[in-house]
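need coordinates for the following:
(2 chains)
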Number of protein chains: 2
Amino acid sequence: MTQPLTTGLSVRHASRSGALQTVTSGLAPSHLQANLIVLPSRYAADFRLLCARNPVPCPLLAESSSPGSFSSLKSHLTTSTGRSVPVAADIDLRRDAPAYRLYRDGKLVSSEESRDIVDVWADDHVGFLIGCSYSFESALSSAGLTPRHITLNRNVAMYRTTIPLSPAGIFTGGTYVVSMRPYRRSEIERVRDITRPFVQTHGEPIAWGWEGMRQLGITDITKPEWGDQVLGLDGQTVFSEEDEEFVPVFWGCGVTPQNAVMMAGLEGMVMGHAPGYMIVLDVREEEVFDL
Amino acid sequence: MTQPLTTGLSVRHASRSGALQTVTSGLAPSHLQANLIVLPSRYAADFRLLCARNPVPCPLLAESSSPGSFSSLKSHLTTSTGRSVPVAADIDLRRDAPAYRLYRDGKLVSSEESRDIVDVWADDHVGFLIGCSYSFESALSSAGLTPRHITLNRNVAMYRTTIPLSPAGIFTGGTYVVSMRPYRRSEIERVRDITRPFVQTHGEPIAWGWEGMRQLGITDITKPEWGDQVLGLDGQTVFSEEDEEFVPVFWGCGVTPQNAVMMAGLEGMVMGHAPGYMIVLDVREEEVFDL
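Sure thing, here's the model as predicted:
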């Protein structure tokens, strides 16, 4: 990469051409990033309801304007005065994430990630964009609270939890997926305050501290389900529960829908972005959040 | 009572005059019923965010149009085309529930319920109305699925759970409260389908069956935290986990905010309706739900 990727469009073009193959954390600061889930149209109404009932892990930003549409999107984002805000011009849901995952009948097709989903996208597919917590990371960094995975140049750590989603039609048995960033206990209230206004990109944390970890049903912080380990890793980052300095802080995560598809054993071909490899949008934080 | 209470206004007037001292389940069929929580104004913004992040247990229907207002309300209800729908004319939040509960510094003031909150309502108080699952009971009854507590002329059974709310500002440590109605396993999908459209009055169940009960952290179905027992009670209603015929079905419950106030240890004077004794509104189900 020779050009710095400072806009959503430049990140999408780099993904589309195959030039970008990294996670998107830290790219195009202040532009909203989005999780993707692509479903057969018969599941679309239930999925909208799942999002409405679970807005913290599943904040719905936009969706295909009609079944089969991968480049024309209906936005659900509005300004504080209620004006609709388009999420992106020149977008291709099939190619604009750096990497994808495929599910058939609720099971991951391959542990290998796909560069695009052009060949599997069908006329009956509906794509949904879900808010991503990368969207508040530049605000945290500006406040001197840079997330550790950025400092270490790794993917954010993501975990399955035992917290049930509110079911919606076909979507039963799902649980929250969370992202985790370690902070000092003394920093948690500032971290809560900074991320609170980002209501459509998961907002403030849902749990924090070792007690919060246990409440979420997470048993081993060194073994994230997706992404990279950033706690208990090496000399620079090792700490134990006895070391009170740093504790895990957990946010709702837009990988939740992919987990919900697996838990519900959804029939047919479903696609999602590879966790950490997001679609970056044109819309900027200050357009839709009261910062 | 000599007049049948078939409208929201008649129920409110009967409560206001002191003539009505019963739970409101089954009254004024097809009119929306509402939970009440009244907070010092400094907590209002955090409470709105709590509702936005937890719409299944805390669907916000309306609130005081300004601090101190108990008879002028700002509605959050809309038709499917986005037109605002007023919740009620001629309303007095201080007297229109048949019974109230008072909390000081997060603790219940008395196990005795109050007939009104006229003396404790201050100029700084903001009232919030939250959707109630009584709103879908007439739909269940019309389908031949009359909730057992109506048949038995009791209050609905309500339970604390261990499912955490998504925190919002001052509101940390809260958990879902649920209402429970027993049904046959073979009836659950119909019950889900019938209650699903009632999106602002808790919608479809969040859990069902004995496994669902355990997932919610409820250990004894015969001991509801609020309301009356309707399972394992007597010859007519006794059944055990071995008897597969009936199982508990759980919905989000608008008592959740009162529990959240206690869990957060909120300072100052907070008031709520007595669980089961709702404020009945003018708005009818078919005005706001896609039935």
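
whichever residue of the stretch 1-150 of chain A sits closest to chain B and B:Gln258, how far apart?
Nearest residue of the stretch 1-150 of chain A to chain B: A:Val56, at 4.5 Å (Cβ to the nearest Cβ). The way it works is simple: take the backbone N, C-alpha and C, and place the C-beta from them, glycine included. For A:Val56, the distance to B:Gln258 equals 21 Å [Cβ to Cβ, to the nearest Å].

how many residues are close by A:Leu266?
Look at A:Leu266: counted by other Cβ atoms under 10 Å in any protein chain shown, it has 23 neighbours.

meant to ask about A:His76
So A:His76, with other Cβ under 10 Å, has 18 neighbours.

C-alpha coordinates for stretch A:166-180, CSV please?
The C-alpha coordinates for stretch A:166-180 follow below in CSV (Å, rounded to 0.1, in the frame of the first residue of the first chain):
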residue,chain,number,x,y,z
SER,A,166,-33.9,-11.9,22.6
PRO,A,167,-35.2,-14.4,20.0
ALA,A,168,-36.9,-13.2,16.8
GLY,A,169,-38.7,-15.8,14.7
ILE,A,170,-36.3,-18.3,13.2
PHE,A,171,-33.5,-16.7,15.2
THR,A,172,-33.5,-18.7,18.5
GLY,A,173,-30.6,-19.9,20.6
GLY,A,174,-28.3,-17.0,19.8
THR,A,175,-26.0,-15.4,22.3
TYR,A,176,-24.0,-12.1,22.4
VAL,A,177,-20.6,-12.0,20.8
VAL,A,178,-18.3,-9.3,22.4
SER,A,179,-15.1,-7.5,21.5
MET,A,180,-12.6,-6.8,24.3
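
average pLDDT for it, rounded please.
Summarised as a single mean, pLDDT over stretch A:166-180 is 97.

please apply the same query to stretch A:275-289.
95.

nearest spatial neighbour of A:Glu137, skipping sequence neighbours?
Nearest residue to A:Glu137, sequence neighbours excluded (Cβ to Cβ, 6 or more residues apart in numbering or on different chains): A:Pro147, at 5.5 Å.

thought the one you found was touching A:Met180?
No - between A:Pro147 and A:Met180 no contact is recorded; they are 9.6 Å apart, counting by Cβ atoms under 8 Å.

quick revisit: could you check how many residues crowd around the residue of the stretch 1-150 of chain A closest to chain B?
By other Cβ under 10 Å, neighbour count at A:Val56 equals 26.

can you tell me the helix or strand for it?
Assigned by DSSP states H and E, A:Val56 belongs to no helix or strand.

state the distance from it to A:Tyr183.
Counting by Cβ to Cβ - A:Val56 and A:Tyr183 are separated by 19 Å.

again with A:Leu266
A:Leu266 is 36 Å from A:Tyr183, by Cβ to Cβ.

could you do A:Phe246 as well?
In terms of Cβ to Cβ, A:Phe246 sits 7 Å off from A:Tyr183.

which of the two has more neighbours?
The residue with more neighbours, out of A:Phe246 and A:Tyr183, is A:Tyr183; 21 against 16, by other Cβ under 10 Å.

tell me the pLDDT at that one?
On the pLDDT scale, A:Tyr183 gets 93.

so who does it touch?
A:Leu145, A:Val191, A:Trp208, A:Phe246, A:Val247, A:Val249 (Cβ atoms under 8 Å, 6 or more residues apart in numbering or on different chains).

which ones among those residues map onto helices?
A:Val191 (DSSP state H).

using CSV, list the CA coordinates for stretch A:80-95.
Taking Å, rounded to 0.1, in the frame of the first residue of the first chain, the C-alpha atoms of stretch A:80-95 are listed here in CSV:
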residue,chain,number,x,y,z
SER,A,80,-30.3,14.0,15.1
THR,A,81,-33.0,16.0,13.2
GLY,A,82,-34.2,12.8,11.5
ARG,A,83,-32.7,13.4,8.1
SER,A,84,-31.7,10.1,6.4
VAL,A,85,-27.9,9.7,5.8
PRO,A,86,-26.7,7.5,2.9
VAL,A,87,-24.0,5.1,4.1
ALA,A,88,-21.9,4.9,0.9
ALA,A,89,-21.8,5.7,-2.8
ASP,A,90,-19.9,3.2,-5.1
ILE,A,91,-20.2,0.2,-2.8
ASP,A,92,-20.1,-3.6,-3.7
LEU,A,93,-21.1,-5.7,-0.7
ARG,A,94,-19.5,-8.8,-2.5
ARG,A,95,-16.0,-7.4,-2.7
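
ok, the nearest residue to A:Ala207 once chain neighbours are set aside - contacts?
Leaving aside its sequence neighbours, A:Ala207 sits nearest to A:Phe250 (Cβ to Cβ, 6+ apart; 4.7 Å). The contact partners of A:Phe250, taken as Cβ under 8 Å, 6+ apart, are A:Tyr159, A:Val178, A:Ser179, A:Met180, A:Pro205, A:Ile206, A:Ala207, A:Trp208, A:Gly212, A:Met213, A:Leu216.

element containing the fourth one?
The one in question is A:Met180. strand A:175-184.

list the buried residues in that strand.
Within strand A:175-184, the residues that count as buried by 16 or more other Cβ atoms under 10 Å in any protein chain shown are A:Thr175, A:Tyr176, A:Val177, A:Val178, A:Ser179, A:Met180, A:Arg181, A:Pro182, A:Tyr183.

burial measure for A:Glu225, as a count.
Residues near A:Glu225, counting by other Cβ under 10 Å: 15.

helix/strand/coil for the residue lying closest to it once chain neighbours are set aside?
Nearest residue to A:Glu225, sequence neighbours excluded (Cβ to Cβ, 6+ apart): A:Arg160, at 4.9 Å. When classified by DSSP: H, G, I helix; E, B strand; the rest coil, A:Arg160 comes out as strand.

just checking, the residue of the stretch 1-150 of chain A closest to chain B touches A:Glu204?
No - judged on Cβ under 8 Å, A:Val56 makes no contact with A:Glu204 at a distance of 9.2 Å.

circling back to that earlier point, hey, what's the residue nearest to A:Glu225 bridged with?
A:Val177 (DSSP bridges).

contact residues of chain A facing chain B?
If contacts are counted using Cβ under 8 Å from any Cβ of the partner chain, the residues of chain A sitting beside chain B are A:49, A:52-53, A:55-56, A:163-164, A:166-169, A:192, A:196, A:199, A:203-207, A:215, A:252.

and A:Glu286, helix, strand or coil?
helix.

list the residues that contact it.
A:Ser30.

is the closest residue to A:Val109 other than its chain neighbours in a helix, a strand, or coil?
Closest residue to A:Val109 apart from its sequence neighbours, by Cβ to Cβ, 6+ apart: A:Leu102 at 4.1 Å. Assigned by three-state DSSP, the conformation of A:Leu102 is strand.

so what's the residue count around A:Leu102?
18.

I figured it hits A:Gly268, correct?
No - if you go by Cβ under 8 Å, A:Leu102 and A:Gly268 don't touch, sitting 11.4 Å apart.

going along the chain, name the helices of the stretch 51-200 of chain A.
Counting by DSSP state H, counting those that start in this stretch, the stretch 51-200 of chain A has helices at residues A:137-142, A:148-151, A:188-195.

now the ones you listed as JSON lines including mean neighbour count and mean pLDDT?
Formatted as JSON lines, those follow (neighbours: other Cβ atoms under 10 Å in any protein chain shown; pLDDT from 0 to 100):
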{"stretch": "helix A:137-142", "mean neighbour count": "18", "mean pLDDT": "93"}
{"stretch": "helix A:148-151", "mean neighbour count": "18", "mean pLDDT": "91"}
{"stretch": "helix A:188-195", "mean neighbour count": "17", "mean pLDDT": "98"}
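
possible to save those helices as CSV with distance to A:Val87?
Listed next are the helices of the stretch 51-200 of chain A as CSV, based on distance: least, Cβ to Cβ, whole Å:
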stretch, distance to A:Val87
helix A:137-142, 18
helix A:148-151, 24
helix A:188-195, 21
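
of all those helices, which lies closest to B:His125?
Closest to B:His125 of those is helix A:188-195 (Cβ to Cβ; 25.7 Å).
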